[in-house]
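>>> model this:
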Amino acid sequence: MNMVKRKIKNIYGTTIIASSDASNLAKQIKSQVLDTNKQYCLLISHDADLSGGAPIVLFDAAKILQKHSYEIIFLFREPGPLIDKCEKEKMHAFVYGKKLKKYAPILAQIDIKLTIINTIVCYDCIVFLPKVIRTPIIWWLHETESLLRYYQGYVPHKLASNVNVKCVSNRTQDAFTKIFQDIPSDIMHYGTPDQFENVNKNCLSTKEKELVRGKNKFEIVVIGRICRRKNQLQVIEAYDLLPKQIQESVTFKFVGATWEDDYKQKFDEAIKRNSHFVFVGAVPRERIHQIYSSADLVICASNDDPMPVVVTEAMMFKCLYITASGTGQYQFVEDGINGFSYDYSNTNDLADKIVEVYYLQDRRKICENARQLYLKEFSMISLEKKLFDEIDR
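Take a look at the predicted model:
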């Protein structure tokens, strides 16, 4: 039999061969994981990418479950550096290719208390896993409408009774309901690990930042992939609508590790014309707090973004922020109370909000309210409660 083979590292640091057959992986699970005296949680994702997004928030959820003494089994369709991260956290991690079915029966022998299947891409797991796993299964969806629609023909019209569809935001849920009208769903936001206390010790206070920067400097930060969906060109257009006094005193700092080539070309052309625009490229995750701590304002201009992490992190770090109506967090924002928002179809609206924040006198209360919103809706504590509600149901 012709098998596609590639070398990857398993959790124990040795090299194994991942094949499209997947039978070798079944043996790995049986010999290295199977222990009938333990309780397990099974987490499945389409890849093991570390650049952000769904695999990372699933890994964060795994740490919650591990804290409560559950053994964690990760199954990734495609390999990636997240496997090494699992190794460091003493989680079992395997690559299953596209034929999980071949060793699914081994899972029936394990005491699995909760299964989380990540993203619409893993639709195939929803079809047969409920046949061997009777305990609760969460299908955690993070996608936009266009991607959900792409997989529409692969999703069964009716799901097993132990499968619960959880959407990461109301935007994803609205799209899912529109496409899969007969399948019930509810919302489970991802949790973002709280970095505020550790980072805050090394950050300047608001008053200190004002003294360092001077009264005439105001830094606006835009973080995310340079692409149409993240909508950075609208932020640049909004600059032209600002009063001249504000134009002269603001700097727009764009942070992004990846991009769409044609959109990036337009972006590059736009920022060349003005020294108030700076593109800093990629920033390592361990240094991202420095970006937030230097910002007077964080803007997320996304026109279709279920739950952009930049908005959640801005709340967590007590930053002033403006989020567009195309984000999942938009519904929680009370303008001028716990943040600021605008209609992404209206660039004038964005410019007006920048002016409002620029002249804002009392920032501390809004920043504190933003952090309270993070703690209530988007923290690890909030996610932990939802996960254990599923285990107990």
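
>>> Flag the shaky bits of the stretch 1-150 of the chain, pLDDT-wise.
Along the stretch 1-150 of the chain, segments meeting pLDDT under 70 span 1-26, 28-30, 32, 36, 52, 103.

>>> repeat that with 90
Along the stretch 1-150 of the chain, segments meeting pLDDT under 90 span 1-38, 49-53, 87, 94-111, 127-128, 131.

>>> For it, which segments are assigned as helices?
23-32, 54-67, 82-88, 104-107, 123-128, 145-150 (DSSP state H, counting those that start in this stretch).

>>> how about the ones you listed, which one is nearest E197?
Nearest of those to E197, taken as C-beta to C-beta: helix 54-67 at 17.2 Å. C-beta coordinates here come from the backbone N, C-alpha and C atoms, glycine included.

>>> Pull out the buried residues from the closest one.
Buried residues in helix 54-67, defined by neighbour count with 16 or more other C-beta atoms under 10 Å: 54-59, 61-62, 64-65.

>>> and which of these is nearest to E78?
Of the buried residues of helix 54-67, the one sitting nearest to E78 (C-beta to C-beta) turns out to be P55, at 9.9 Å.

>>> For M307, see how far away the residue nearest to K38 when sequence neighbours are not counted is.
In space, and not counting its chain neighbours, K38 is closest to E71: 4.9 Å by C-beta to C-beta, 6 or more residues apart in numbering. Going from E71 to M307 by C-beta to C-beta, to the nearest Å gives 28 Å.

>>> Centroid-nearest residue for the protein?
What sits nearest the mean C-alpha location of the chain, by C-alpha atoms, centre = their mean, is G53, with 3.8 Å.

>>> For it, which residues are in contact?
Contacts for G53 (C-beta atoms under 8 Å, 6 or more residues apart in numbering) come out as H142.

>>> picking up where we left off before, for E71 and M307, indicate the residue with more neighbours.
Neighbour totals were compared for E71 and M307, and M307 leads with 23 against 20 (other C-beta atoms under 10 Å).

>>> tell me the contacts of the residue nearest to that one when sequence neighbours are not counted?
Take M307 and drop its neighbours on the chain: the residue closest to it by C-beta to C-beta, 6+ apart is G328, 4.1 Å away. By C-beta under 8 Å, 6+ apart, the contact set of G328 is 168-172, 189, 305-308.

>>> Of those, grab the buried ones for PyMOL.
Restricted to buried positions by 16+ other C-beta under 10 Å, the PyMOL selection for these reads:
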select buried, resi 168+169+170+171+172+189+305+306+307+308
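
>>> how about TSV for the contacts of G328, with distance to M91 added?
Listed next are the contacts of G328 as TSV, based on distance: C-beta to C-beta, whole Å:
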residue	distance to M91
V168	22
S169	26
N170	31
R171	30
T172	26
H189	22
D305	29
P306	26
M307	24
P308	27
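
>>> the helices in the stretch 201-350 of the chain, which residues?
206-213, 232-239, 244-249, 261-272, 288-294, 309-316, 347-358.

>>> I116 pairs with what?
I116 forms beta bridges with L43, I138, as assigned by DSSP bridges.

>>> was I right about it contacting A61?
Yes. Between I116 and A61 there is a contact under C-beta atoms under 8 Å: 6.6 Å.

>>> circling back to that earlier point, quickly compare the helices of the stretch 1-150 of the chain and say which is most buried.
helix 54-67 (a mean of 20; mean count of other C-beta atoms under 10 Å).

>>> which other helices and strands contact that helix?
Counting contacts by 3 or more C-beta pairs under 8 Å, 6 or more residues apart in numbering; DSSP states H and E, helix 54-67 is packed against strand 40-45, strand 71-76, helix 82-88, strand 112-118, helix 380-392.

>>> Looking at the ones you listed, which is nearest to K98?
strand 71-76 (11.6 Å).

>>> buried set for that closest one?
71-76.

>>> tell me which of those residues is nearest to L147?
F76 (18.9 Å).

>>> what sits against that closest one?
Neighbouring residues of F76 by C-beta under 8 Å, 6+ apart: 44-48, 55, 82-83, 93-96.

>>> circling back: I291: which of the helices of the stretch 1-150 of the chain is closest?
Nearest of those to I291, taken as C-beta to C-beta: helix 54-67 at 17.8 Å.

>>> What lies in contact with that closest one?
The contact list for helix 54-67 (C-beta under 8 Å, 6+ apart) reads 41, 43, 45-50, 72, 74, 76, 80, 82, 85-86, 89-91, 114, 116, 118-119, 140, 142, 168, 190-193, 380, 383-384, 387.

>>> Got a quick ChimeraX command for the buried subset of those residues?
Per 16+ other C-beta under 10 Å, the buried members of those correspond to this ChimeraX selection:
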select :41,43,45,46,47,48,49,50,72,74,76,80,82,85,86,91,114,116,118,119,140,142,168,190,191,192,380,383,384,387
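
>>> how much distance is there from stretch 161-171 to the middle of the chain?
How far stretch 161-171 lies from its chain's middle: 16 Å, per C-alpha atoms, centre = their mean, to the nearest Å.

>>> Span of that stretch from start to end?
24 Å (C-alpha to C-alpha, to the nearest Å).

>>> For it, which outside residues touch it?
Residues from elsewhere that reach stretch 161-171, judged by C-beta under 8 Å, 6+ apart: 57, 126, 130, 133-142, 144, 159, 173, 176, 183-190, 304-307, 326-329, 331, 386, 390.

>>> Give me the buried entries from those.
The neighbour-count test (16+ other C-beta under 10 Å) marks 57, 126, 130, 133, 135-142, 144, 159, 173, 176, 183, 185, 187-190, 304-307, 326-329, 386, 390 as buried among the contacts of stretch 161-171.

>>> Return the subset of the residues you listed lying in strands.
Of these, the ones assigned to strands by DSSP state E are 137-141, 185, 187.

>>> got the helices of the stretch 201-350 of the chain as JSON lines, with mean neighbour count, distance to K365 and mean pLDDT columns?
Below are the helices of the stretch 201-350 of the chain laid out as JSON lines (neighbours: other C-beta atoms under 10 Å; distance: least, C-beta to C-beta, whole Å; pLDDT from 0 to 100):
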{"stretch": "helix 206-213", "mean neighbour count": "12", "distance to K365": "12", "mean pLDDT": "44"}
{"stretch": "helix 232-239", "mean neighbour count": "21", "distance to K365": "25", "mean pLDDT": "98"}
{"stretch": "helix 244-249", "mean neighbour count": "12", "distance to K365": "23", "mean pLDDT": "95"}
{"stretch": "helix 261-272", "mean neighbour count": "14", "distance to K365": "34", "mean pLDDT": "96"}
{"stretch": "helix 288-294", "mean neighbour count": "18", "distance to K365": "19", "mean pLDDT": "91"}
{"stretch": "helix 309-316", "mean neighbour count": "26", "distance to K365": "14", "mean pLDDT": "96"}
{"stretch": "helix 347-358", "mean neighbour count": "18", "distance to K365": "14", "mean pLDDT": "98"}
